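> Need the 3D shape of this:
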Amino acid sequence: DDYWKYDYETTALYVNNTRVEELDPNKNYSLKSYTCSNDATATYDTLNRNVIIHSDKQAKCSLYFEESKPLAVHFIKNYQTLGLTKIEQLATGNQNYNTTEYRYQGASPNNYVTFNDETGKWRIIGVFEVETPNGDGTYTRENKVKIVRENIGTNPWNNILSGSNYNDWTTAVLMSLLNNGTYYNKTGAYSTNGLTDSAKDTKEIYTQERSTSVYSGNSQTWNGKVALIYPSDYMYASSGCYNNGTGGRNYSNSLCTTTNWMLNAIGGGWFLSPLSGAGEVTDILYSSGEMNINASYNSSYFSPSLYLASNVEYMSGSGSITDPFIIK
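Down below sits the predicted model:
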């Protein structure tokens with residue numbers, strides 16, 4: 001008898017400020033804002049598509065959604081708000097075109113991302129224009145987000161039994177571990193933190209190392225899946241000395257180490273880049289912040305790094321460790 005006293009509709013849905021009857025089940029959305037009566041609050045579970053109204057009283061809410069955007073587009077469009085630094089790069093080596101990069105710099109940027117069913121482990125290096133192999137010898141130039149995990153253990157970059165060119169990444173034991181070995185297959189020592197099937201679905205190509213200067217007989221390029229960071233990734237993560245000549249190769253001075261989030265994130269370890277003048281030597285980062293070289297058959301920490309596919313979408317999150325970016 002009292003039904004007429006209450007409004008049938010308790011929620012009103014808006015997408016891009018346009019009233020809708022329902023959210024399209026084939027699209028992804030993020031809740032940008034809301035207004036609720038009786039001081040109620042609202043949250044949206046982006047992965048399970050659940051709206052949750054928090055209130056001890058009867059309430060009506062208007063929910064304002066936006067259709068989710070590709071992650072790289074989200075970062076580029078909002079790079080200043082999100083705290084990324086825009087850097088123009090000239091063509092060099094195998095990268096024969098000028099690019100615009102968007103990198104996270106400083107001591108503690110909000111660049112955490114939930115990936116591989118792990119939270120607090122992966123962080124975003126930035127957005128880069130890269131060439132993705134099409135499988136027929138051609139490439140498509142795309143903007144992609146590059147991420148890195150905190151170090152996951154120790155391993156030789158390569159081993160002394162593999163021949164004279166120990167620092168050839170295409171035949172390295174660490175390359176095999178990350179791309180078809182126990183880490184990639186989530187088995188053995190990496191049964192709890194190896195790549196999940198869903199992570200493999202959103203993972204993409206780590207394209208090509210920029211330099212054409214390699215040890216005699218080594219490959220200049222590699223089209224693969226999971227690799228390591230460049231020395232330049234570490235250098236550019238510093239907001240204090242990435243572009244003023246302060247560091248050189250010795251980035252262990254306090255101006256560099258106190259303004260570089262990556263040093264604490266990975267704690268040191270192997271870089272992707274080998275040394276062109278000696279076939280057994282590879283670049284390495286020490287815990288002091290110094291970049292130097294080490295024999296590739298020695299054991300050291302390593303941090304997997306990869307590009308996300310260009311169609312990975314931003315769902316929610318500010319990038320802080322308590323509110324990481326959620327992607328899909």
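> what residue ranges in this structure score low on pLDDT?
Along the chain, the parts satisfying pLDDT under 70 run over 1-9, 47, 92-95, 160-165, 202-223, 243-250, 276-279.
> Pick out the residue closest to the middle of it.
The structure's the chain has its C-alpha centroid closest to residue 147; by C-alpha atoms, centre = their mean the separation is 2.0 Å.
> Could you pull up phi and psi at that one?
Main-chain torsions, residue 147, degrees, to the nearest 10: phi -130, psi 160.
> what sits against it?
For residue 147, the contact set (C-beta atoms under 8 Å, 6 or more residues apart in numbering) comprises 113, 115, 122-125, 305-308. All C-beta atoms are positioned from the backbone trio N, CA, C, and that covers glycine.
> at 6 Å instead, please
122, 124 (C-beta atoms under 6 Å, 6 or more residues apart in numbering).
> and what of residue 238?
Shown in contact with residue 238 (C-beta under 6 Å, 6+ apart): 256, 259-260.
> For the residue nearest to it when sequence neighbours are not counted, list each beta-bridge partner.
Spatial nearest neighbour of residue 238, chain neighbours left out: residue 260 (4.0 Å); criterion: C-beta to C-beta, 6 or more residues apart in numbering. Partner residues in beta bridges with residue 260: residue 106, residue 238, with DSSP bridges as the criterion.
> Over to residue 128?
The bridge-partner assignment for residue 128, based on DSSP bridges, gives residue 144.
> ok, how many other residues are close to it?
21 (other C-beta atoms under 10 Å).
> How about the one 10 residues further on?
Number of residues near residue 138 (other C-beta under 10 Å) recorded here: 9.
> ok, so what distance separates it from residue 49?
For residue 138, the distance to residue 49 (C-beta to C-beta, to the nearest Å) stands at 38 Å.
> count of neighbours near the residue nearest to residue 238?
The criterion is other C-beta under 10 Å. On that basis, residue 260 has 25 neighbouring residues.
> again with residue 40
One way to gauge burial is a neighbour count; for residue 40, by other C-beta under 10 Å, it gives 18.
> And for residue 69?
Taking other C-beta under 10 Å as the criterion, the count of residues near residue 69 is 17.
> try the one 3 residues further on
Residue 72 is surrounded by 26 other residues when neighbours are defined as other C-beta under 10 Å.
> tell me which element the residue lying closest to residue 134 once chain neighbours are set aside falls in.
Of all residues not flanking residue 134 in the chain, residue 140 sits nearest, at 5.9 Å (C-beta to C-beta, 6+ apart). Per DSSP states H and E, residue 140 falls inside strand 139-149.
> export that strand as PDB, just CAs?
Listed next in PDB are the C-alpha coordinates belonging to strand 139-149 (Å, rounded to 0.1, in the frame of the first residue of the first chain):
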ATOM      1  CA  TYR A 139      56.100  -3.400 -38.500                       C
ATOM      2  CA  THR A 140      53.300  -1.300 -37.100                       C
ATOM      3  CA  ARG A 141      54.300   1.800 -35.200                       C
ATOM      4  CA  GLU A 142      52.300   2.100 -32.000                       C
ATOM      5  CA  ASN A 143      52.300   3.800 -28.600                       C
ATOM      6  CA  LYS A 144      52.800   1.200 -25.800                       C
ATOM      7  CA  VAL A 145      53.200   1.200 -22.100                       C
ATOM      8  CA  LYS A 146      56.400  -0.400 -20.800                       C
ATOM      9  CA  ILE A 147      56.500  -1.900 -17.300                       C
ATOM     10  CA  VAL A 148      59.100  -3.500 -15.100                       C
ATOM     11  CA  ARG A 149      58.800  -5.800 -12.100                       C
END
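> can you give me the strands for the stretch 51-200 of the chain?
Counting by DSSP state E, counting those that start in this stretch, residue ranges of the strands within the stretch 51-200 of the chain are 61-67, 84-89, 99-104, 112-115, 118-133, 139-149, 154-156.
> Pick the most deeply packed of those strands.
strand 112-115 (a mean of 22; mean count of other C-beta atoms under 10 Å).
> Tell me which other helices or strands that strand touches.
Contacting strand 112-115 under the criterion 3 or more C-beta pairs under 6 Å, 6 or more residues apart in numbering; DSSP states H and E are the following elements: strand 118-133.
> what sits up against the strand it packs on?
By C-beta under 6 Å, 6+ apart, the residues outside strand 118-133 that reach it are 72, 75-76, 99, 101-104, 111-113, 115, 139-150, 205, 207, 223, 233, 265, 321, 324.
> before we move on, what about stretch 148-161?
Under the criterion C-beta under 6 Å, 6+ apart, external residues in contact with stretch 148-161 comprise 121-122, 125, 166, 172-174, 229, 265-267, 269-270, 282, 296-297, 299-305.
> and the gap between residue 38 and residue 44?
Taken as C-beta to C-beta, the span from residue 38 to residue 44 is 19 Å.
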